[in-house]
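Undergrad: Quick one, what's the 3D model for this:
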Amino acid sequence: MASTDLTNMKEDQSRDGQETISEENKVIHDYNNLILSLPKENGWGLSQNVYFQCFWCPSNMIQPIISFQNNFQAKHNDIVVASLPKSGTTWLRAFTFTIVNRNQYSFENHPLLKSIIHELVPSIERNLYAADIKDRIPLSKIIEPRLFGTHIPFPSLAKSIQDSNCKIVYISRNPFDTFVSYWIFINKIRSKHPSLPVLSLEETFESFCNGITPFGSFWEHNLGYLKESMIRPDKVIFLKYEELKEDPIFHVTRLATFLGYSFTQEEESKKVVENIINLCCFETMKELEVNKFGSVRSDIENKFFFRKAKVEDWKNYLSPSMEEKLSKIVDEKLSVPMSHLESHTTNIIK
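TA: Here you go, the predicted model:
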């Protein structure tokens, strides 16, 4: 290669690098200006909650969400596992990954036995579009069908996801257990930061009742995905944590059919469904070495994701007056928006 060509190539690469840095600096500049202009409330974790795109969002998630909205291109066979935090997220990601990849791995040597589910089903906002570029997982490294997790409300998903034929799997948990589980989880994280005080149950409960919670209020987040599951049942499936606990065989079979990975009669006769349920169940996953030790980041140990997985454990924490207050709020919020959803929304809080 001629020296002039090599020089030109280096100059082009230098310009490309400078343009990338310039673009990233512009994103950061725009992000900082945006943050300054948005309403703010005390955050649950390490960041403030800011009112962004009609939902309360941790301030450190806004830049990743904007990058995701501007750049993500969905593929027809993508699968997005969505939920509010502590709603059965880990469980549903495990089920989805195992169903889709059941012909690739044996149960005896399965990736779930040696990898945390967050590595197998990466988060859109925390992994793919992390604010720090060096923390990002390149999309090019994800094997199809691509599986992603997210806590982002439906209206704020990238347009290519909303408009494409990719699948969205949503899990809803009753608001009482969702709140208590998240409150305990957040305080475990805060305990790793000596400068951060413990969040009191009462203060955090008021925030939850006012809808000032990370990734939006319980009712708006649920309604967003529930509505889409009724408009496009071929695209969005709305699962309930409590029903999945009560009849896992039925709902795992239903999930597989929705995803386009129905179980064959031979698989059913060989107890493949039951084997998947046993592999992904709370008791199995909690006792795995990979989930007992290590961490996804310095202040989040892997074991933080596995507490009790009990239905109605909230009764050990919330007073009768708290139960009455939250029941009334959620019932009112869910019954107002769309009358044709009444039969479904009534059951969300049960």
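Undergrad: Pull up the per-residue confidence for the residue lying closest to E267 once chain neighbours are set aside.
TA: Computed as C-beta to C-beta, 6 or more residues apart in numbering, the closest residue to E267 that is not its neighbour in sequence is V273, at 7.2 Å. From N, CA and C alone the C-beta is placed, and that goes for glycine too. pLDDT recorded at V273 is 96.
Undergrad: End to end on stretch 150-158, go ahead and measure it.
TA: The first residue of stretch 150-158 is 11 Å away from its last residue (C-alpha to C-alpha, to the nearest Å).
Undergrad: what's near enough to touch the closest residue to S191 other than its chain neighbours?
TA: The shortest distance from S191 to any non-neighbouring residue, by C-beta to C-beta, 6+ apart, is to V198 (7.6 Å). The contact partners of V198, by C-beta atoms under 8 Å, 6 or more residues apart in numbering, come to 187, 190-191.
Undergrad: can these go into TSV with extra columns for distance to V330 and pLDDT?
TA: Shown next, in TSV, are these (distance: C-beta to C-beta, whole Å; pLDDT from 0 to 100):
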residue	distance to V330	pLDDT
N187	23	87
R190	26	82
S191	29	75
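Undergrad: which of those residues count as buried?
TA: 187, 190 (16 or more other C-beta atoms under 10 Å).
Undergrad: In helices, which of the contacts of V198 fall?
TA: Here DSSP state H is the test, and the contacts of V198 give 187, 190 as lying in helices.
Undergrad: for the contacts of V198, which one is nearest E246?
TA: N187 (29.1 Å; C-beta to C-beta).
Undergrad: show me the residues around V272 that make contact.
TA: 102, 263.
Undergrad: Quick check, the residue nearest to E267 in contact with T264.
TA: No - V273 is beyond contact range of T264, at 10.8 Å (criterion: C-beta atoms under 8 Å).
Undergrad: more crowded one of the two?
TA: V273 (19 against 9; other C-beta atoms under 10 Å).
Undergrad: do you know how far the more buried one is from I117?
TA: Here the distance between V273 and I117 works out to 19 Å (C-beta to C-beta, to the nearest Å).
Undergrad: for V330, same thing?
TA: Counting by C-beta to C-beta, the gap from V330 to I117 is 28 Å.
Undergrad: So for those two, which sits in the more crowded spot?
TA: I117 (28 against 21).
Undergrad: So for the closest residue in space to P145 that isn't next to it in sequence, what's the pLDDT?
TA: Distances taken as C-beta to C-beta, 6+ apart place N77 nearest to P145, at 4.3 Å, with adjacent residues excluded. For N77, the pLDDT comes out at 97.
Undergrad: Distance check, N77 against L38.
TA: Here N77 is placed at a distance of 36 Å from L38 (C-beta to C-beta).
Undergrad: Not counting its neighbours along the chain, what's nearest R93?
TA: Nearest to R93 is V121, by C-beta to C-beta, 6+ apart, at 4.2 Å.
Undergrad: got the contact list for the spatially closest residue to T96 that is not a sequence neighbour?
TA: Spatial nearest neighbour of T96, chain neighbours left out: V81 (5.4 Å); criterion: C-beta to C-beta, 6+ apart. Contacts here follow C-beta under 8 Å, 6+ apart; on that basis V81 touches 89, 92-93, 96, 121, 147-150, 169, 171.
Undergrad: and V81, that one's in a strand?
TA: Yes - secondary structure assignment places V81 in a strand (DSSP: H, G, I helix; E, B strand; the rest coil).
Undergrad: Summarise which helices and strands the helix or strand hosting C57 is packed against.
TA: Counting by DSSP states H and E, the secondary-structure element that holds C57 is strand 55-58. The contact analysis (3 or more C-beta pairs under 8 Å, 6 or more residues apart in numbering; DSSP states H and E) places strand 55-58 against strand 49-52.
Undergrad: could you dump the strand it packs on to PDB, C-alpha only?
TA: Listed next in PDB are the C-alpha coordinates belonging to strand 49-52 (Å, rounded to 0.1, in the frame of the first residue of the first chain):
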ATOM      1  CA  ASN A  49     -36.100  10.100  40.000                       C
ATOM      2  CA  VAL A  50     -36.800  12.500  37.200                       C
ATOM      3  CA  TYR A  51     -40.100  12.800  35.300                       C
ATOM      4  CA  PHE A  52     -39.200  11.800  31.700                       C
END
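Undergrad: buried ones in that strand?
TA: Neighbour counts over strand 49-52 (16+ other C-beta under 10 Å) mark 49-50, 52 as buried.
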